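Asker: After the sequence you'll find the predicted model.
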Amino acid sequence: MEKQKSRYRWIVFASVLVTYLLMASQRTAPGLITNNLMEDFNLTASKIGLLMSIQFFVYTSLQIPMGILADRFGPNFFLIIGATLTGFGTVIYSLGTHDWILFIARILTGVGDATIWVNMMLILATWFHRKEFVRLVGFAGMTGSLGFLLATVPYSMWISLYGWRATFFSIGLLLCFCGLFLYFVLVKNTKRRFEEQPVVEKVAVQREKTMVIVRKVFSNRQSWALFFCHFGVVGGYVGFISSWAVPYMTNLYEMTSSEASQLIMLGLIGALIGAPLMSWISSSLETIRKPYIMVHTIVLLSWCTFLLVNGHPSLSLLSLLFFIIGFGYGASALSFAAVRQSFSIKENGIVSGFVNTGGFLSAVLLPILFGYILDYFHLTAGNLADGYYYGFITPVIFSVMGIIGIFCYKENKIKLKMNR
């Protein structure tokens, strides 16, 4: 039986998405225990910022290499190893007794996390027809946001009941089990049910040499414009909620971690709405650039609002700002719609990796810069409120770079048919 006509493909789809859900949750879950780590390990704000950023740094640096390796050797092996590595890193994190162990654990988690998106796309392309694939990519994107949502109130309640070490240990074991389960679903059972069909290799033969395409990407103004588009909306949101959002609310608003997580959920709900809604609007208007300019503008205005109210908005305004910034993050899927419009099929994989690198590079930089600013004001003035106020300058600058990127992006003068 052909893979793309079998019911078994839905088992593949479900198993891959459940794995992605758990892996995505580990990008932001450590932000829930920032205060615990600072107390247990006597860490400074700058060290915490570096610890929270290291996973995104590893993830970012491996995006383009992972795309090349997946094209050449196939996605199954890397996804299985990635899920297992993420689980193993999370277990080590839960058992850590020194700060250097925490850093090693987050590096392992980052290596595992770097495998998920590119390989998941290749697996879905192998198992599903083109029309099904287009629809399922949207579900895959929403699954990542659901993973972030899982790492708010649900994880916070789990941590409150059993402690952070038991929580992270359990999630790590579950991810290791996912890696084992993927081996049976993607390799063992697939070999027994189907004859191997090297779908990806047929495409790879027609491609130019990898280094030729890489040079084209790095010398193309359009790819750099989309790099900064993604840089402007992803890092502010992902970098902030994964590191300083919970401490910000617990320190300035005297919330519990659970209460802070409930506000973060509003941003995640915004992200869940932003991806399909902005895709639909762009498709209806037959333009990516105009709605994306609107998204970048409202995200910039949202971060500027933190500065206008001295870094301490009212709770109702804070809730609205989190929702809008999360909505902007969800709408960042338009970056990849723009990649599909602007580049040929043979360049799409590497360009997508390059653009995704921009988004997560900002997620790496923000916690570090924010942490250094907090440390500076804590040591010199002893005033955390001022530290947070000046820290918000960082996402404002990132958002300005995103605005520059979208204005430099040149849209093709042809009708967009993204959903066909």
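Answerer: Sure, I can see it. Residues are numbered from 1 along each chain as shown.
Asker: Can you tell me, leaving aside adjacent residues, what's nearest to residue 38?
Answerer: Distances taken as C-beta to C-beta, 6 or more residues apart in numbering put residue 48 closest to residue 38, at 6.1 Å, once the chain neighbours are dropped. C-beta: built from backbone N, CA, C; applies to glycine.
Asker: Surely the one you found touches residue 34?
Answerer: Yes - with contact taken as C-beta atoms under 8 Å, residue 48 and residue 34 are classed as touching, separated by 5.8 Å.
Asker: Could you point out the longest helix of this protein?
Answerer: Determined from DSSP state H, the single longest helix within the chain is helix 345-380.
Asker: Report the buried residues of it.
Answerer: Buried residues in helix 345-380, defined by neighbour count with 16 or more other C-beta atoms under 10 Å: 347, 349-377.
Asker: low-scoring stretches of the chain, by residue?
Answerer: Judged against pLDDT under 70, the low-scoring parts of the chain cover residues 1, 71, 130-138, 195-210, 344-349, 381-382, 413-420.
Asker: Show me where the stretch 101-250 of the chain has its helices.
Answerer: Listed in chain order, the helices of the stretch 101-250 of the chain (DSSP state H, counting those that start in this stretch) span residues 116-127, 130-150, 153-162, 164-182, 189-193, 199-205, 210-218, 221-241, 245-252.
Asker: can you state the direction angle for the host helix or strand of residue 326 and helix 221-241?
Answerer: Remark: residue 326 resides in helix 315-331, with elements defined by DSSP states H and E. Helix 315-331 and helix 221-241 are oriented at 140 degrees to each other (axes from the mean of the first three to the mean of the last three C-alpha atoms, to 10 degrees).
Asker: what helices or strands is the helix or strand harbouring residue 70 leaning on?
Answerer: Assignment of secondary structure by DSSP H and E places residue 70 within helix 63-73. Using 3 or more C-beta pairs under 8 Å, 6 or more residues apart in numbering; DSSP states H and E as the contact criterion, the elements in contact with helix 63-73 are helix 75-95, helix 116-127, helix 199-205, helix 345-380.
Asker: Quick check: buried residues in stretch 177-195?
Answerer: Neighbour-count burial for stretch 177-195, counted by 16+ other C-beta under 10 Å, picks out 178-179, 182-183, 185-186, 190.
Asker: Same check on stretch 251-260?
Answerer: Of the residues in stretch 251-260, those buried (16+ other C-beta under 10 Å) are 251-252, 255, 257-258, 260.
Asker: now, which of the residues you listed sits nearest residue 275?
Answerer: Of all these, the one sitting nearest residue 275 is residue 260; the distance, using C-beta to C-beta, is 24.1 Å.
Asker: Let me see the contact set for that closest one.
Answerer: Listed by C-beta atoms under 8 Å, 6 or more residues apart in numbering, the contact set of residue 260 reads 245-246, 249-250, 253.
Asker: Give the other helices and strands that the longest helix of the chain contacts.
Answerer: Here helix 345-380 touches helix 45-61, helix 63-73, helix 116-127, helix 210-218, helix 221-241, helix 334-342, helix 384-391, helix 393-408, going by 3+ C-beta pairs under 8 Å, 6+ apart.
Asker: quick one, which of these is nearest to residue 154?
Answerer: helix 221-241 (15.0 Å).
Asker: centre of the chain versus that closest one, how much separation?
Answerer: Helix 221-241 has its average C-alpha position 11 Å from the chain's average C-alpha position, going by C-alpha atoms, centre = their mean, to the nearest Å.
Asker: Give the other helices and strands that it contacts.
Answerer: Where contact means 3+ C-beta pairs under 8 Å, 6+ apart, helix 221-241 is packed against helix 8-28, helix 45-61, helix 257-285, helix 289-308, helix 315-331, helix 334-342, helix 345-380, helix 393-408.
Asker: and those helices as TSV, adding distance to residue 109?
Answerer: Converted to TSV, the helices and strands packed on helix 221-241 look like this (distance: least, C-beta to C-beta, whole Å):
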stretch	distance to residue 109
helix 8-28	6
helix 45-61	5
helix 257-285	20
helix 289-308	27
helix 315-331	21
helix 334-342	24
helix 345-380	14
helix 393-408	24
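Asker: re earlier: so what sits against both of residue 48 and residue 34?
Answerer: Applying C-beta under 8 Å, 6+ apart, one finds that residue 48 and residue 34 are jointly contacted by residue 243.
Asker: Residue 350 touches residue 218, doesn't it?
Answerer: No - using C-beta under 8 Å, residue 350 is not in contact with residue 218; the gap is 9.8 Å.
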